[in-house]
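Asks: Pasting the sequence and the predicted coordinates here, then a few questions.
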Amino acid sequence: MGELIAALRQTEKGAKGRYRETLREEFTRVGQELFLGGATAK
């Protein structure tokens, strides 16, 4: 049971799992601001 709880905590931290996908929209926005001057890419 302790291993399951530890694994779930790691997922929240992003060590394993899909935490980084929650940041994808933010990375896209920042990239557009840096490289396109805020214009949206098509």
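Replies: Perfect, thanks for sending it.

Asks: so where is this structure shaky, pLDDT-wise?
Replies: 12-17, 19, 38-42 (pLDDT under 70).

Asks: can you map out the helices along it?
Replies: For the chain, applying DSSP state H gives helices covering 2-13, 24-36.

Asks: possible to save the ones you listed as CSV with mean neighbour count?
Replies: Heads up, the C-betas are built off the backbone N, CA and C, glycines and all. Output for those, formatted as CSV (neighbours: other C-beta atoms under 10 Å):
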stretch, mean neighbour count
helix 2-13, 10
helix 24-36, 11
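
Asks: Could I get the contacting residues of Glu33?
Replies: Neighbouring residues of Glu33 by C-beta atoms under 8 Å, 6 or more residues apart in numbering: there are none.

Asks: Could you check how far it is from Arg9?
Replies: 33 Å (C-beta to C-beta, to the nearest Å).

Asks: Arg18 too?
Replies: Remark: distance between Arg18 and Arg9 (C-beta to C-beta) = 15 Å.

Asks: go on, Glu26?
Replies: Separation of Glu26 from Arg9 (C-beta to C-beta): 23 Å.

Asks: likewise Glu25?
Replies: On the measure of C-beta to C-beta, Glu25 and Arg9 end up 24 Å apart.

Asks: which residues touch Val30?
Replies: Neighbour list for Val30: empty [criterion: C-beta under 8 Å, 6+ apart].

Asks: ok, it to Leu23 distance?
Replies: Counting by C-beta to C-beta, the gap from Val30 to Leu23 is 10 Å.

Asks: Phe35 now?
Replies: 18 Å.

Asks: Ala6 now?
Replies: 23 Å.

Asks: and what of Arg9?
Replies: Arg9 is 19 Å from Leu23, by C-beta to C-beta.

Asks: swap in Gly31?
Replies: Taken as C-beta to C-beta, the span from Gly31 to Leu23 is 12 Å.

Asks: Same question for Ile5.
Replies: As for Ile5, its distance to Leu23 is 24 Å (criterion: C-beta to C-beta).

Asks: got it, and Gly2?
Replies: Distance, Gly2 to Leu23, using C-beta to C-beta: 29 Å.

Asks: Repeat that for Gln32.
Replies: Relative to Leu23, and taking C-beta to C-beta, Gln32 is found at 15 Å.
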